[in-house]
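J.: here are the coordinates; sequence isn't available:
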């Protein structure tokens, strides 16, 4: 029995490829006093992992060369020297891309998932993904009744939740931007978006003018780049832009130039604000409770894109940037 | 007796030049019922006038070709058929670039300036310039005790007020960015800025790192472009950027690319917001009262750069973009 660990071998330029990481085999660690051994079962694959691979300042330090790739996940407690963890418990936390990890009782350690919660849901709608959509849409974007809302990366895990939360909170019109006809159909037919724009085949500026004739009150941005620029140019008076992510830039060697329409923030007296879900830790329970209610009422549709095998985690990460996924990307070990 | 009117002859590309405007002579208009005739005495020269000369959507419609150049000013009532205006009254409003204008009793008309107020002060610290600094710094930027504040265009009318208001409101450190050593010395020696950076001779990024070692809490942006980009990269956690103007771009044929460091708004959970002082009309009196108090206490230093002659208004406008002014640019007729 050994512990496979996917470590960062070199800093990627563009997508992650065969040389970016290597698989190391190590002994399964022994839990010390007040520690438990966790067998990792699921990995949460998130765009932000790609930013940690760069040697650039960010909200967390870069992953060091030779270190296990950082990432969230769910594991099962297989042995425990801690009163907090019982064998068989499912726990959520920063497991990293490996088969086993040790957890302790420190504040930055893992959380036990209440019995009966589907691990896929715990990673998706109840996890950082769904909570990012929740706090971005409500607290940062202050979505309100009557708003015209646009979401990019709309068929992704966060985008799909963000659009549905906007509608639940009373938005008059929710428009998603995605990259295939299938995704657009899913948004409208299954998730109840009012419209969807295919950025690969449509003229996004023209389509948004048609779909949002009064302008955009709230733009939830997962992608940055050209689409952010178009949405800046299409803002309504006192529009808000929630900067959640900028996946169009995460694989660029250099930061690309910013949007030309930035000055429109003045003309429209508009606000653009970035946020991180980590800042809302103490409010996770209230959000999860509200999301659970919506789920029980059948008001939330979700999808998980499950990839099997720890060794495929790098490919799973790339899916987020090539548009190969609908919903939450999860690696199942 | 005739009315000289400076009308827009063609849309400028870059700075205003000899072909951009032409001087027309017209008869002095006769006031009708409830109207008054105003002899224009002073013109407020503001960067935003340049944006109105472009055929581009904005917060006001473009100035039409053949129309008098739009702009604020102060005039003297020379004859009146209105109970609201008495001969000899000084009034402030959108007089335009001309010798005479008619005013009526409509809501968008002029305001009578209380007796005893110096017209130069009425255009500068008590006018839209000072009020822009006031509401931008307090309401949009929410300046607070302990903040590290950076102001660009700091030797201009709005920037110089913005920096002083920040200090009065308790900012721990106020750093100005300006374009000459004389302006920088004026900011520090006369206005009490803690430091000034000369963007023409200093490495702005390096200078701001040195002057703001904890990062920038509040950046009041009058210029956009490269300096905005540097400040985005130097933000402190939960930093705020007040977008007041973008004079670096107003003379560009096309909108230049935006800042590469925009993504830092996410990393720093930061906010960027645009505003227009016109939205604060109903709060002008409270702001003017507070500014008057500071002025009486000697806490506000101001400067006016007066250019004589209506025919020199275009050159006066260009000063704002070539950096030829310190303080408020005013044309005296």
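T.: Perfect, I can see it now. Keep in mind the model is a prediction, meaning the values are calculated, not measured. Numbering: from 1, shown residues only, chains lettered A, B, ... in the order given.

J.: In the sheet, which residues pair with residue A:271? Tell me.
T.: When assigned by DSSP bridges, residue A:271 has beta-bridge partners residue A:240, residue B:273.

J.: Which neighbouring residues are in contact with it, exactly?
T.: A:238, A:239, A:240, A:241, A:265, B:271, B:272, B:273, B:274 (CB atoms under 8 Å, 6 or more residues apart in numbering or on different chains). From N, CA and C alone the C-beta is placed, and that goes for glycine too.

J.: The helix-or-strand element of chain A with minimal mean pLDDT pairs with which strands, and in what direction?
T.: Scoring the helices and strands of chain A by mean pLDDT, DSSP states H and E places strand A:111-112 at the bottom, with a mean of 93. With DSSP bridges as the test, strand A:111-112 is paired with strand A:90-93 (antiparallel).

J.: Please state the offset of the partner strand from the chain centre?
T.: On the basis of CA atoms, centre = their mean, to the nearest Å, the separation between the geometric centre of strand A:90-93 and that of its chain is 17 Å.

J.: For the helix or strand following that strand, which residues meet the burial criterion?
T.: Downstream of strand A:90-93, the next assigned helix or strand under DSSP states H and E is strand A:100-103. Going by neighbour count (16 or more other CB atoms under 10 Å in any protein chain shown), the buried part of strand A:100-103 is A:100, A:101, A:103.

J.: do you know how far the residue of chain A found nearest chain B is from residue A:202?
T.: Proximity of chain A to chain B (CB to the nearest CB) peaks at residue A:258, 2.8 Å away. Using CB to CB, to the nearest Å, residue A:258 is found at 23 Å from residue A:202.

J.: neighbour count winner among these two?
T.: Remark: of residue A:258 and residue A:202, residue A:258 carries more neighbours, 24 against 16, as counted by other CB atoms under 10 Å in any protein chain shown.

J.: Just list whatever residues bridge to the more buried one.
T.: Residues in beta-bridge contact with residue A:258 (DSSP bridges): residue B:258.

J.: I'd like the buried residues of strand A:100-103 laid out as TSV, including pLDDT.
T.: Listed next are the buried residues of strand A:100-103 as TSV, based on pLDDT from 0 to 100:
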residue	pLDDT
A:100	98
A:101	97
A:103	97
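
J.: List just the nearest of those residues to residue A:187.
T.: Distance to residue A:187, by CB to CB, is smallest for residue A:101 among the buried residues of strand A:100-103, at 35.9 Å.

J.: Name the helix or strand for the residue nearest in space to the middle of chain A, please.
T.: Centroid-nearest residue in chain A: residue A:129, 4.3 Å away (criterion: CA atoms, centre = their mean). Assigned by DSSP H and E, residue A:129 belongs to helix A:128-135.

J.: Packing partners of the following helix or strand past that helix?
T.: Next along the chain after helix A:128-135, taking DSSP H and E as the criterion, comes strand A:148-152. Here strand A:148-152 touches helix A:157-168, strand A:173-178, strand A:216-221, helix A:225-233, going by 3 or more CB pairs under 8 Å, 6 or more residues apart in numbering or on different chains; DSSP states H and E.

J.: Tell me which of those approaches residue A:70 most closely.
T.: Nearest to residue A:70, of the helices and strands packed on strand A:148-152 and by CB to CB, is helix A:157-168 at 18.2 Å.

J.: Please compute how far that closest one lies from its chain's middle.
T.: Distance, centroid of helix A:157-168 to centroid of chain: 12 Å (CA atoms, centre = their mean).

J.: That one - contacts with which helices or strands?
T.: helix A:128-135, strand A:148-152, strand A:173-178, strand A:216-221.

J.: hey, which of the ones you listed is tucked in deepest?
T.: Counting by mean count of other CB atoms under 10 Å in any protein chain shown, strand A:148-152 has the highest mean neighbour count of the helices and strands packed on helix A:157-168, with a mean of 30.

J.: what bits of chain A have low per-residue confidence?
T.: Across chain A, nothing is flagged by pLDDT under 70.

J.: just to revisit the earlier point, now rank the contacts of residue A:271 by neighbours and give me the top one.
T.: Top of the contacts of residue A:271 by neighbour number is residue B:274, holding 28 neighbours under the definition other CB under 10 Å.

J.: dump the residue contacts of it.
T.: A:263, A:264, A:265, A:266, A:267, A:268, A:269, A:270, A:271, B:243, B:244.

J.: among those, who's most crowded?
T.: Going by other CB under 10 Å, residue B:244 tops those with 30 neighbours.

J.: show me where the stretch 1-150 of chain A has helices.
T.: A:48-52, A:119-123, A:128-135 (DSSP state H, counting those that start in this stretch).

J.: which stretch among those helices comes nearest residue A:92?
T.: Nearest of those (CB to CB): helix A:119-123, 6.0 Å.

J.: interface residues of the stretch 51-200 of chain A facing chain B?
T.: Within reach of chain B by CB under 8 Å from any CB of the partner chain, the stretch 51-200 of chain A has these residues: A:57, A:58, A:59.

J.: Output those residues as JSON lines; include the columns distance to residue A:249 and neighbour count.
T.: JSON lines is the format used below for those (distance: CB to CB, whole Å; neighbours: other CB atoms under 10 Å in any protein chain shown):
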{"residue": "A:57", "distance to residue A:249": "15", "neighbour count": "11"}
{"residue": "A:58", "distance to residue A:249": "13", "neighbour count": "14"}
{"residue": "A:59", "distance to residue A:249": "16", "neighbour count": "16"}
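
J.: Of those, which is the nearest to residue B:156?
T.: Looking across these and measuring by CB to CB, the closest to residue B:156 is residue A:57, at 32.1 Å.

J.: Skip the chain neighbours and tell me the closest residue to the closest one.
T.: residue B:267 (7.4 Å; CB to CB, 6 or more residues apart in numbering or on different chains).

J.: wait, what's in contact with that neighbour?
T.: Applying CB under 8 Å, 6+ apart, the residues contacting residue B:267 are A:57, A:58, A:59, A:274.

J.: Repeat that for residue A:42.
T.: Counting by CB under 8 Å, 6+ apart, residue A:42 has contacts A:73, A:74, A:119, A:120, A:123, A:330, A:331, A:332, A:333.

J.: now swap in residue A:169 and tell me
T.: Contacts of residue A:169 by CB under 8 Å, 6+ apart are A:137, A:138, A:143, A:144, A:145.

J.: Could you give the number of residues near the nearest residue to residue A:323 once chain neighbours are set aside?
T.: Closest residue to residue A:323 apart from its sequence neighbours, by CB to CB, 6+ apart: residue A:179 at 4.2 Å. Residue A:179 sits with 20 neighbouring residues when counted by other CB under 10 Å.

J.: phi, psi of residue A:179?
T.: Dihedral pair for residue A:179: phi -110, psi 0, per degrees, to the nearest 10.
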